[in-house]
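Q: predicted coordinates and the sequence they were generated for:
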Amino acid sequence: MTPSLLARLDARRTSDRHAAAVMSTDGRILSVNDFSSRIRTIARGFAAAGLKSGERVLFAVRPDIDAIILMLGIAEAGGVLVPVDTNMGPALFESRMKSISPSWVVAESILYSLSASRWIRSLLSRRGINLPRLGAVRNARFVHVGRSWPGVPAGKSAMAIEMLGLNSRESTAIDDGDNAAVMMVFTSGTSGEPKAVVHTRRSMRGVFDTIDPLLDAHGGDCVYSGELHLILPALFAGASVVIPCRTRFSAKRVLADMERFRVTHFFEVSAEFQQLVDGVAALKKTLPETLRQIWIGAAPVRATLLRNCKLVLAKSTRVWCVYGMTEVLPVARVSLDEKVQYDGAGDLVGPCVDGVVARISEDGELLLRGPNLCSGYFGESPLQELATGDLARFDDGRIVLLGRRKDMIIRGQFNIYPELYESTIEGIAGVTRCAMVGFYDEAAADEKVLLVIQPVENTHVAAFEERLWRELQSGPNSIDPAALPDTIVFMTLPMCGRSSKVDKQRLREFAMQLPCASQ
């Protein structure tokens, strides 16, 4: 968020001053005037509370309309947003915090309070609720969202920050140039220390400007999304936005929201879109005819899902599969029909969007550059071109992905870094070596995790497996619930190369032959 972005909101405010532009699924409605005014108030409040331009702000608040306003207010005040997944386990969270030093933490009180108790974290993890240990962040100023809970450190509430802003004339004018950092987002990596992607004013403007013509939204349209990279372009275009509340994904609820708000544009990740398609089919309904565009992204989108999707679509709805990554978004897109009709090898993701330039390196890796490319990784030299880690080829100007170099596994909205957990699992008595790989399950439209264990010789496998599951879920060698395997296999690990590394490609091929790998 930069002053120029608020100026773009102001331009719409002048021409459409009283429009109900930003809506929440809990019934709240804000005009663009009210929305931008609250952003400025929050920005003044943070400035009055002492936030300095360039300070990193860890943000652990589940998405809703107030969270979006808070994020944009922090960025407007010059803070560098560092959003974290509020369903992230302590191991992954703490590995990420080692690489940055946030000056501020903005978090929900209940999340901080619950995450402070090891017993509560363990209890919740057994129910699939995973919490980062926010108390691991030291020497930071704390702002809590919601009423204060036991164990929440001293600090101001988000409401108090807003009140400060209402009573302050503190200037939030920033003139740090286009290269000033706006956001840092942790992203893909195969080690236990994933990198932080740094986006600047220039690259964020590139993201919004690239998405704008693709979104094709206008006055009277309604975009359903909690993603900043879609919310702002929609508002710039004069459309209204519906921001979902903090609830788990429900096909029935999303369908009701679409009908209630007459949604025209919808974005979802592949795994949750699969749930929507299955849920709508189970209700024996179709998606509303108001829907003009559906965007599916964040993970590979397989032809099976798209074929099933056609059964619940209105004839006027167009579906786009969007390829991109945190470093550069979007990169390419392809229509449902084109993707379904493609019968070549690999995953067709389509031609590059305007402004993005792709080339293939000599060893087959996809390289990208464009106005929406991040400035680089925190603590490293600036990027001029991104090496994606994806192997690819061109088919008549369209990008076709052939596989990932990286071992990182994407399951739902979680990035699983095998090396972060393999060393922990090898600490369990009876484990000689282990390896974790992902494999795609067509039925779930998502990746599953295979854990291969090479046990100590003469191990009684049945008894060992029962103990292994217990230790994976609790105790000193437990792993984040999001990384728990779907399948465990006991076998001698295949090795490759002079360094005798585990041959993970062979393990992936093996995984695809398992009964649980639906084709």
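A: The structure has been received and is ready for your questions. A quick note: this is a predicted structure, and the numbers were derived from the prediction, not measured. Residues are numbered from 1 along each chain as shown.

Q: every contact and neighbour count from this point should use C-alpha atoms.
A: Noted.

Q: where does the residue of the chain positioned farthest from its centre land in three-state SS?
A: In the chain, the residue that sits farthest from the middle, by CA atoms, centre = their mean, is residue 458; the gap is 43.3 Å. Put simply, residue 458 is coil when judged by DSSP: H, G, I helix; E, B strand; the rest coil.

Q: can you give me the buried ones in the strand or helix carrying residue 422?
A: Assigned by DSSP states H and E, residue 422 falls within helix 418-425. Within helix 418-425, the residues scored as buried using 16 or more other CA atoms under 10 Å are 418-422, 425.

Q: just stretch 224-238 next, same as before
A: So, applying 16+ other CA under 10 Å, buried residues of stretch 224-238: 224-226, 229-238.

Q: for the spatially closest residue to residue 51 that is not a sequence neighbour, what are phi and psi?
A: Setting aside the residues directly before and after it, residue 51 is nearest to residue 79 in space (CA to CA, 6 or more residues apart in numbering), at 6.9 Å. Residue 79 has phi and psi values of phi -70, psi 150 when expressed as degrees, to the nearest 10.

Q: list the contacts of residue 79.
A: By CA atoms under 8 Å, 6 or more residues apart in numbering, the residues touching residue 79 are 51-57, 182.

Q: ok, of those residues, which one's closest to residue 488?
A: residue 57 (39.0 Å; CA to CA).

Q: distance of residue 212 from residue 243?
A: 18 Å (CA to CA, to the nearest Å).

Q: neighbour count winner among these two?
A: For residue 212 versus residue 243, neighbours defined as other CA atoms under 10 Å are more numerous around residue 243 (22 against 18).

Q: pretty sure that one is touching residue 226, no?
A: Yes: in this structure, residue 243 is within contact of residue 226 by CA atoms under 8 Å, at 5.0 Å.

Q: what's the overlap in contacts for the two?
A: Counting by CA under 8 Å, 6+ apart, the residues touching both residue 243 and residue 226 are residue 64.

Q: and the pLDDT at the residue nearest to residue 51?
A: For residue 79, the pLDDT comes out at 94.

Q: got it, and the one 5 residues further on?
A: As summarised for this prediction, residue 84 has a pLDDT of 85.

Q: mind checking the SS state of residue 179?
A: Put simply, residue 179 is coil when judged by three-state DSSP.

Q: could you give the bridge partners of the nearest residue to it once chain neighbours are set aside?
A: Nearest residue to residue 179 in three dimensions, chain neighbours excluded: residue 200, at 5.4 Å (CA to CA, 6+ apart). Residue 200 has these beta-bridge partners by DSSP bridges: residue 181.

Q: quick one: neighbours of residue 200, just the number.
A: Residue 200, neighbours per other CA under 10 Å, totals 24.

Q: please name the nearest non-neighbouring residue to residue 506.
A: Computed as CA to CA, 6+ apart, the closest residue to residue 506 that is not its neighbour in sequence is residue 494, at 7.4 Å.

Q: dihedrals phi and psi, the one you found?
A: Here the main-chain torsion angles of residue 494 (degrees, to the nearest 10) amount to phi -70, psi 140.

Q: so how many other residues sit close to it?
A: With other CA under 10 Å as criterion, residue 494 counts 14.

Q: and the gap between it and residue 501?
A: 8 Å.

Q: residue 76 now?
A: When distance is defined by CA to CA, residue 76 is 48 Å away from residue 501.

Q: the two: which has the busier surroundings?
A: residue 76 (29 against 11).

Q: that one touches residue 43, doesn't it?
A: Yes: with contact defined as CA under 8 Å, residue 76 reaches residue 43; the gap is 5.7 Å.

Q: the residue nearest to residue 506 is in contact with residue 502, isn't it?
A: Yes: with contacts counted by CA under 8 Å, residue 494 reaches residue 502, the gap being 5.8 Å.

Q: which strands and helices sit next to the helix or strand harbouring residue 107?
A: Assigned by DSSP H and E, residue 107 belongs to strand 104-108. Applying 3 or more CA pairs under 8 Å, 6 or more residues apart in numbering; DSSP states H and E, one finds that strand 104-108 contacts strand 56-60, strand 141-145.

Q: give the buried residues for the first one.
A: Right, strand 56-60. Within strand 56-60, the residues that qualify as buried are 56-60, counting by 16+ other CA under 10 Å.

Q: which of those sit farthest apart?
A: Checking those with CA to CA, the most distant pair is 56 and 60, at 12.9 Å.

Q: and the residue nearest to residue 506, how far from residue 454?
A: The value you get for residue 494 to residue 454, if CA to CA is used, is 10 Å.

Q: any chance you could map the helices in the stretch 51-200 of the chain?
A: For the stretch 51-200 of the chain, the helices defined by DSSP state H, counting those that start in this stretch cover 65-76, 90-97, 109-115, 118-125, 158-166.
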